[in-house]
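>>> Quick one, what's the 3D model for this:
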Amino acid sequence: MKKTKVLLASCGMLLTSLIWGFAFVVVKNSLDSLPPVYILAFRFTIATLALSAIFFKKLKNIKLSAIKKGIILGVFIYLGYLLQTIGCIYTTAGKNALLTAVYVVAVPFLHWAINKTKTRMTHVTAAILAITGIGLLSLQNDFSVNIGDLLSLLCGLAFGLHIVFIERYTNSEDPVVLTILQLGTAAVISCITAPIIDGGFPAEAFRGDIIVSMLYLGLLSTMAAFLLQNVGQKYVPPAAASILLSTESVFGVAFSAIFLKEKLTFRMLAGCALILAAIILSEIDLEKLPNRFKPNFTYDVNNNDN
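Residues are numbered from 1 along each chain as shown. Okay, the predicted model is just below:
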């Protein structure tokens with residue numbers, strides 16, 4: 001029974017990554033008609049209203065501590081998605097997806113800085129691989145960096161901070177309530193800042209294809225995906241969960257190539273491979289591996305073979 005739950009949870013988290021991967025295509029297409037902050041306002045508002053309607057009973061006795069924590073998490077989510085969405089204007093959807101996923105590598109170092117936890121050697125090696133991959137993926141011939149790639153990396157940092165703090169908060173608060181509060185916070189901030197940053201309300205918002213796109217981002221990519229993630233992490237260990245969720249970048253690159261006809265050069269593929277290797281390596285704990293998988297650095301002094 002337990003194995004079945006773990007398998008179902010793993011499938012749910014893989015589905016989450018697939019939903020998020022296709023969202024990069026939806027966002028890229030939507031940016032042709034809608035300003036970035038209005039996209040955030042629509043997706044967060046739709047998700048918050050839908051979640052509140054489904055779990056309204058949980059909102060009757062919200063603790064003040066949950067509200068404070070939800071606001072903090074909501075600020076991180078808003079900043080992450082703001083940087084990601086604006087970054088998608090200036091770079092390809094595939095690179096946006098891949099650079100965002102670097103948060104998996106950043107999380108252990110953020111844990112070390114904030115929670116004073118020990119950093120493993122695999123984390124350091126993963127960071128070197130990730131930086132090399134980012135260089136191949138993002139650096140131009142004159143070694144300059146595209147502003148969209150830089151914003152995508154900063155977005156990954158914001159998501160990393162969100163992961164660090166949500167691990168703290170879910171131990172003492174209902175994850176569903178926290179999800180509603182953080183999405184609600186992001187919705188309020190988006191609705192306030194959209195007119196300031198993007199100007200007047202876009203008339204294109206009432207087009208049929210835009211409505212469908214916003215419903216996808218709100219109901220699937222935000223509401224359903226966050227719920228699948230929160231429920232899934234009850235049964236899937238954090239290391240496995242991070243690897244499953246990081247496949248979002250693979251789906252993002254694949255969907256961008258299929259639906260947006262984005263070209264993948266050998267240099268970009270090499271950068272992708274290094275970043276994906278870094279993501280997987282960052283979640284490997286050599287001390288917990290079975291002995292047959294551990295590298296053997298011992299030398300037998302009694303060995304007389306020459």
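
>>> Flag the shaky bits of the stretch 151-300 of the chain, pLDDT-wise.
237-240, 242, 282-300 (pLDDT under 70).

>>> Helices of that one, start to end?
175-198, 208-215, 225-232, 238-246, 248-259, 266-281 (DSSP state H, counting those that start in this stretch).

>>> What is the first one packed up against?
It stands for helix 175-198. Contact partners of helix 175-198 among helices and strands, from 3 or more Cβ pairs under 8 Å, 6 or more residues apart in numbering; DSSP states H and E: helix 36-54, helix 64-90, helix 225-232. Quick note: C-beta positions are derived from backbone N, CA and C, even for glycine.

>>> Ok, which of the ones you listed comes nearest residue 6?
Smallest distance to residue 6 across the helices and strands packed on helix 175-198 (Cβ to Cβ): 9.4 Å, for helix 225-232.

>>> Summarise which helices and strands the closest one is packed against.
helix 2-30, helix 175-198, helix 238-246.

>>> The same query, at a cut-off of 10 Å, please.
In this structure, helix 225-232 packs against helix 2-30, helix 36-54, helix 175-198, helix 238-246, with contacts taken as 3 or more Cβ pairs under 10 Å, 6 or more residues apart in numbering; DSSP states H and E.

>>> so of the ones you listed, which one's packed in deepest?
For the helices and strands packed on helix 225-232, ranked by mean neighbour count under the definition mean count of other Cβ atoms under 10 Å, the leader is helix 36-54 at a mean of 22.

>>> and that one, what's its mean pLDDT?
Confidence for helix 36-54, expressed as mean pLDDT, is 96.

>>> Restricting to C-alpha, output it in CSV.
Provided in CSV are the C-alpha atoms of helix 36-54 (Å, rounded to 0.1, in the frame of the first residue of the first chain):
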residue,chain,number,x,y,z
PRO,A,36,3.9,40.2,-17.9
VAL,A,37,2.5,41.5,-14.6
TYR,A,38,-1.1,41.2,-15.9
ILE,A,39,-0.4,37.6,-16.7
LEU,A,40,0.6,37.1,-13.1
ALA,A,41,-2.5,38.9,-11.8
PHE,A,42,-4.7,36.6,-13.9
ARG,A,43,-3.0,33.3,-13.0
PHE,A,44,-2.8,34.0,-9.3
THR,A,45,-6.3,35.4,-8.9
ILE,A,46,-7.8,32.5,-10.8
ALA,A,47,-5.9,30.0,-8.7
THR,A,48,-6.7,31.7,-5.4
LEU,A,49,-10.4,31.9,-6.1
ALA,A,50,-10.6,28.3,-7.3
LEU,A,51,-8.6,26.9,-4.3
SER,A,52,-10.7,29.0,-1.8
ALA,A,53,-13.9,27.7,-3.3
ILE,A,54,-12.7,24.1,-3.0
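
>>> how far does that helix sit from the chain's center?
18 Å (Cα atoms, centre = their mean, to the nearest Å).

>>> Hey, what's the angle from that helix to helix 2-30? Just curious.
With axes from the mean of the first three to the mean of the last three Cα atoms, to 10 degrees as the criterion, the two stretches helix 36-54 and helix 2-30 enclose an angle of 140 degrees.

>>> Count the residues that sit near residue 68.
When counting by other Cβ atoms under 10 Å, one arrives at 13 neighbours for residue 68.

>>> where does it sit relative to residue 188, distance-wise?
Look at residue 68 and residue 188: by Cβ to Cβ, to the nearest Å, they are 15 Å apart.

>>> try residue 25
27 Å.

>>> Correct me if wrong: residue 172 contacts residue 65.
Yes. With contact taken as Cβ atoms under 10 Å, residue 172 and residue 65 are classed as touching, separated by 7.4 Å.

>>> Secondary structure element holding residue 124?
Take DSSP states H and E as the rule and residue 124 turns out to sit in helix 121-138.

>>> What are the buried residues along that helix?
122, 123, 126, 127, 129, 130, 132, 133, 134, 136, 137, 138 (16 or more other Cβ atoms under 10 Å).

>>> Ok, which of the helices and strands packed on helix 225-232 comes nearest residue 167?
When these are ranked by proximity to residue 167, the top entry is helix 238-246, at 7.9 Å, counting by Cβ to Cβ.
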